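Asker: the following block contains a protein sequence and its predicted model.
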Amino acid sequence: MSGFIESFRNIFKIEELRQRILFTLALLFVVRVGAHITLPGIDVGKILDQSTQSSATDLLGLYDLFVGGAFSKAAVFSLGIMPYISASIIIQLLGAVFPYFQKLQKEGEEGRKKINQLTRIGTVPVALLQAWGVSVQIYSRNVGGEGIVIPDISPMVFTMSTVILLTSGTIFMMWLGEQITERGIGNGISLIIFIGIIDRFPYALYSEYLLLADPNTDRNILIEIIYFIAFLLVIAGVVALTVATRKIPVQYAKRVVGRKVYGGVTQYIPLKVNAAGVMPIIFAQSIMFIPNTVLSFFPESEFMRGVAEYFNYTSWFYSIIYALMIIFFTYFYTAIAFNPKDVADNMKKQGGFIPGVRPGKPTSDFIDNILTKITLPGAIALAFVAIIPTILGKLGVTQGLAQFFGGTSLLIVVGVALDTLQQVESHLLMRHYDGFMKGSKLKSRRYF
């Protein structure tokens, strides 16, 4: 513990690191302020009368979770950074289909800059489309039978102003994220989502406290302690899933250039057990929302209501289908994110080889075989983490707290926290200070 406190003090001894952290905190504060500025034409009183907690079991509730409650408040930053994420996903998927994007991905730094520029451009039409949908949804939202939009404002004026402000808010947040990445600490876009999710945690704890204080419930301090221990165990499991890798040794042949000898060293290819990250959950969750959305158009049909029961997030049928889809998308996204053939070709060009495996296609097949084997336990673990909130909901945990026990929110929080911590660690070690993970094997842990 003393070592952790000393490392924390060392952060503020390094002027550059201190400035980066303070700059990051300042911009994140701006992000949270924007999440509480209500759009023009909204009756603030009626917005405040609504529930402060959105359900994360529908598409809008999940969206609201990622933007830190800004959507339920009809704030200027209601779209958050999600249009940028959507545009980024589209660009990555295009890279698996179109040779132009595949070429950009192989061009190193210049290709990355071009992809980032295309992502920024693609964010604008995505934001415009989503802003229009949000404006329609807000205008039609009712509280106690009365709309939350001020009656004197016309639908056209409200829609135009809302679309412009929401799109501008997304572009501004995208700029803030890039500034954090460049001049702050950590990945700016990820930190914006991270701070939005963490913002809901105090509300979840308060809801749990109200249940504990209510004499009419069966909650007691022992149950809360069990929940706390389970929470720590789940976090530990997610951390292990995030950092787990399988290292493949690569030997480089010796080369004599003049009087110097190059190569002859052994390096490793780190294959992550969960190479797809949180993307399989996002893809699967988006698709699982479709049936309920379609079925909601037939409220009078008894047959459709019966079918809707199977796709209710609390049903075991929903959980099983959801888990199977996550396993499928884990393999799908891993295939997009990691190409064994490209790795084998680059090794061959640099004179590297895996001991006991011939260069070229045999190397590619060898890497692909290992990747397939380690992805299966990773996919199963990811699916289990995703359905933990549903399981805990059946056990009586409040929905607000259950969503932090697993699912998309916990994976994002753990992944961003680890990435930011490792960047701080690198700054400390570069200036000969002890880092937070002194003596830890966290960065090179092998599970398979």
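Answerer: In hand now; what should we look at? Numbering: from 1, shown residues only.

Asker: so where do the strands sit in this protein?
Answerer: With strands called from DSSP state E, the chain shows them at 142-143, 146-147, 245-252, 255-257, 260-262, 266-272, 352-353.

Asker: so what's Ser86 closest to, chain neighbours aside?
Answerer: Val126 (5.1 Å; Cβ to Cβ, 6 or more residues apart in numbering). All C-beta spots, glycine's among them, are computed from the backbone N, C-alpha and C.

Asker: tell me how many other residues surround that neighbour.
Answerer: For Val126, the tally of surrounding residues (other Cβ atoms under 10 Å) stands at 21.

Asker: 634 is where my numbering starts, stick with that
Answerer: From this message on, residue numbering opens at 634, which makes the last subject Val759.

Asker: quick one: Ala886 and Lys981 touch, right?
Answerer: No. In this structure, Ala886 is not within contact of Lys981 by Cβ atoms under 8 Å, at 11.2 Å.

Asker: so which of those two has more stuff around it?
Answerer: Set Ala886 next to Lys981 and count neighbours by other Cβ under 10 Å: Lys981 wins out with 14 against 11.

Asker: these two touch, right, the more buried one and Pro992?
Answerer: Yes. At 4.7 Å, Lys981 counts as touching Pro992 under the criterion of Cβ under 8 Å.

Asker: how near is Met807 to Pro992?
Answerer: The gap separating Met807 from Pro992 is 42 Å, by Cβ to Cβ, to the nearest Å.

Asker: looking at those two, which is more packed in?
Answerer: Met807 (22 against 16).

Asker: check contacts around that one.
Answerer: The contact partners of Met807, taken as Cβ atoms under 8 Å, 6 or more residues apart in numbering, are Ile714, Tyr717, Arg753, Thr756, Ile822.

Asker: can you tell me, leaving aside adjacent residues, what's nearest to the third one?
Answerer: Put plainly, it is Arg753. Nearest non-adjacent residue to Arg753, counting by Cβ to Cβ, 6+ apart: Met807, 6.8 Å away.

Asker: circling back: hey, least reliable of the strands of the chain by pLDDT?
Answerer: Ranked by mean pLDDT, the strands of the chain bottom out at strand 775-776, with a mean of 44.

Asker: next one, pLDDT for the residue nearest to Arg753 please.
Answerer: 91.

Asker: ok, Ile797 next?
Answerer: Looking at Ile797, its pLDDT stands at 92.

Asker: neighbours around Asn749, how many?
Answerer: Using other Cβ under 10 Å, the number of residues around Asn749 comes to 13.

Asker: now do Phe734
Answerer: Residues lying near Phe734 (other Cβ under 10 Å) number 18.

Asker: give the contact list for it.
Answerer: Counting by Cβ under 8 Å, 6+ apart, Phe734 makes contact with Ile724, Leu727, Gly728, Ile748.

Asker: try Ile818
Answerer: Taking Cβ under 8 Å, 6+ apart as the test, what Ile818 contacts is Leu650, Arg653, Ile654, Thr657, Thr1053, Gln1056, Val1057, His1060.

Asker: mind putting these into JSON lines with pLDDT and distance to Thr850?
Answerer: Shown next, in JSON lines, are the contacts of Ile818 (pLDDT from 0 to 100; distance: Cβ to Cβ, whole Å):
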{"residue": "Leu650", "pLDDT": "83", "distance to Thr850": "46"}
{"residue": "Arg653", "pLDDT": "89", "distance to Thr850": "46"}
{"residue": "Ile654", "pLDDT": "89", "distance to Thr850": "41"}
{"residue": "Thr657", "pLDDT": "91", "distance to Thr850": "40"}
{"residue": "Thr1053", "pLDDT": "85", "distance to Thr850": "37"}
{"residue": "Gln1056", "pLDDT": "83", "distance to Thr850": "43"}
{"residue": "Val1057", "pLDDT": "82", "distance to Thr850": "41"}
{"residue": "His1060", "pLDDT": "76", "distance to Thr850": "47"}
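
Asker: from Thr792, how far off is the residue nearest to Ser719?
Answerer: 18 Å.
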